[in-house]
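*Asks:* predicted model and sequence below, questions to follow.
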Amino acid sequence: MNSDALQKVRVLFVCLGNICRSPTAEGVFRERVKQAGLDSRIEIDSAGTGDWHIGRAPDKRAQKFAARAGYDISDLRARQVSGQDFSRFDYVLAMDGQNLADLQQMQPAGWQGSLALFLGFHPELDVREVPDPYTGDEQAFIEVVELIERGADALLEDIRKKLG
């Protein structure tokens, strides 16, 4: 954790292009944190390991199904994760194993944060990865929102314990 961990915890969600899963996770988690009254203590962002969507809004389908569930992600813009993110964030959370492996290659020696699969914070889930809905149908996007909601609740509980 960073040196001012008692004041602020910083969370970065990472997927491949930063247009479906990670911005949805950012939007869902931002709302959960706001509802918990912790928005002044938790900073949230998202990024992608790939660079082809930099500057773009989330996929229209991701926006649509996030909005149906009560989350506005339309103002988010894709960016690529960088090595500097490890000095900024306490939690760097990958949506799947391939992105986790890519992030492990970037992780600086001695970094003290948590690099993990996002759904790893929810021990009762029988899945560990948030599937990429990009080439799927509408149901794929609905399922992603539902999985992320469950993961966000578990992550928030973990952070609450650390905040005291």
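*Replies:* Nice, thanks for sending it over. Numbering: from 1, shown residues only.

*Asks:* so residue 80 is in contact with residue 50, correct?
*Replies:* Yes. Using C-beta atoms under 8 Å, residue 80 is in contact with residue 50, at 7.0 Å. (Each C-beta comes from the backbone N, C-alpha and C, glycine too.)

*Asks:* what sits in contact with each of those two?
*Replies:* Common contacts of residue 80 and residue 50 (C-beta atoms under 8 Å, 6 or more residues apart in numbering): residue 18.

*Asks:* hmm, residue 47 is touching residue 23, no?
*Replies:* No. Using C-beta under 8 Å, residue 47 is not in contact with residue 23, being 9.5 Å away.

*Asks:* now do the contacts for residue 31.
*Replies:* Residue 31 neighbours (C-beta under 8 Å, 6+ apart): 70, 71.

*Asks:* same deal with residue 111?
*Replies:* Listed by C-beta under 8 Å, 6+ apart, the contact set of residue 111 reads 86, 87.

*Asks:* quick one, what contacts the nearest residue to residue 88 once chain neighbours are set aside?
*Replies:* The shortest distance from residue 88 to any non-neighbouring residue, by C-beta to C-beta, 6 or more residues apart in numbering, is to residue 10 (6.0 Å). Applying C-beta under 8 Å, 6+ apart to residue 10 gives the contacts 2, 42, 43, 44, 45, 88, 89, 90, 91.

*Asks:* out of the residues you listed, who's the most crowded?
*Replies:* Neighbour tally across the contacts of residue 10 (other C-beta atoms under 10 Å): the maximum, 25 neighbours, falls on residue 89.

*Asks:* model confidence for that residue, exactly?
*Replies:* Model confidence at residue 89, expressed as pLDDT, equals 97.

*Asks:* am I right that the residue nearest to residue 88 sits in a strand?
*Replies:* Yes. Judged by DSSP: H, G, I helix; E, B strand; the rest coil, residue 10 forms part of a strand.

*Asks:* look up how far residue 45 lies from it.
*Replies:* Counting by C-beta to C-beta, to the nearest Å, the gap from residue 10 to residue 45 is 8 Å.

*Asks:* what do you get for residue 62?
*Replies:* Noted for residue 62: a distance of 16 Å to residue 45, by C-beta to C-beta.

*Asks:* do residue 24 as well
*Replies:* Counting by C-beta to C-beta - residue 24 and residue 45 are separated by 13 Å.
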